[in-house]
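Peer 1: Need coordinates for the following:
(one chain, ligands or ions: 1)
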Amino acid sequence: MMQPLHEATAYIQQNTDNFAPEFGIILGTGLGALVNEIEVQYSLSYADIPHFPVSTVESHSGRLILGLLAGRRVIVMQGRFHYYEGYSMEQVVFPIRVMRLLGIQKLFVSNAAGGLNPAFNTSELMVITDHINLQPSNPLIGKNIDELGPRFPDMSDVYDEHMVRQAMVIAEDADFDLREGVYVSVPGPMLETPAEYKYLSVIGADAVGMSTVPEVIAARHMGLPVFAVSVITDMCTPDRLKKVKLADILEAAAKAEPRMTMLIRELIRMQ
Ligand code: HPA
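Peer 2: Residues are numbered from 1 along each chain as shown. Alright, predicted model coming up:
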């Protein structure tokens, strides 16, 4: 089970002069602009990396970017994999495991999400402090890969509290409202019915999306500290629910992009 991971890792090392990234970053829907802040040293297409899944969503471009962000060595996934695209959970988290084998010490994740907490507004950012996994599966099912982590990984403190606090300080200094909350991950690809939004809210979620939790589970299995943040792209409370189009989601994400970019950059500078 480790061999495909080792082969992908070796290919990346061979094609980047053994660039040793300190931090991994997954860019979600409409948040690609962080790449403009990076002093890019290497850029590899997913399609060229052995065993790497290839991205199918049009709004994701499918490259691994390696370079410097705020003077730190980062590896960035430009484009991620979703279960709803038909990938197995193992494929969804394959790049996270490879980034770990390349040596990353922390993982930073962004995504687009629907707002369930009535205090939220479109284009606000929410730091994820906990999650609920409603995906139909998870990447740890099957024989445990003991080289990566334990059979029964602890999930009592998934999101690194210190980085959450650092993020709150960055937002305060920059004078914008940074929300905190629980992210629920659903399979999609359809959006939710009003009854489903109500249910997700009742079970304790502040935001809902179709990604992140599988990758975070794989990261925590390997003991990686994780920071994750959602852009609220549409409000899903009964009084504010309307028909959502992908274009609206991308527009709301684009509006939040400068803040998201600044937050991740400054947080990485502080590590
Ligand atoms: N539901 C699920 N995923 C989403 C949503 C939503 O309302 N908005 C953005 N991603």
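Peer 1: Who is the most centrally placed residue in the chain paired with across the strands?
Peer 2: Central residue of the chain (Cα atoms, centre = their mean): Val109, 3.0 Å from the mean position. Applying DSSP bridges to Val109 yields these beta-bridge partners: Ile26, Ala228.
Peer 1: Which of the three states applies to the residue of the stretch 101-250 of the chain found nearest the ligand?
Peer 2: Closest approach of the stretch 101-250 of the chain to the ligand (Cβ to the nearest ligand atom) occurs at Gly114, with a separation of 2.3 Å. For every residue, glycine as well, the C-beta is placed using N, CA and C. Following DSSP: H, G, I helix; E, B strand; the rest coil, the label given to Gly114 is strand.
Peer 1: That one touches Cys236, doesn't it?
Peer 2: Yes - using Cβ atoms under 8 Å, Gly114 is in contact with Cys236, at 4.4 Å.
Peer 1: shared neighbours, these two?
Peer 2: Residues touching both Gly114 and Cys236 (Cβ atoms under 8 Å, 6 or more residues apart in numbering): Glu192, Tyr197, Val208.
Peer 1: Could you pull out the buried residues of stretch 145-160?
Peer 2: Neighbour counts using 16 or more other Cβ atoms under 10 Å place Ile145, Leu148, Gly149, Pro153, Val158, Tyr159, Asp160 of stretch 145-160 among the buried residues.
Peer 1: Narrow the residues you listed to those in strands?
Peer 2: Among those, no residue falls in strands (DSSP state E).
Peer 1: Who is Tyr42 paired with across the strands?
Peer 2: Where Tyr42 sits in a bridge, its partners, by DSSP bridges, are Leu66.
Peer 1: Thank you kindly, that will do.
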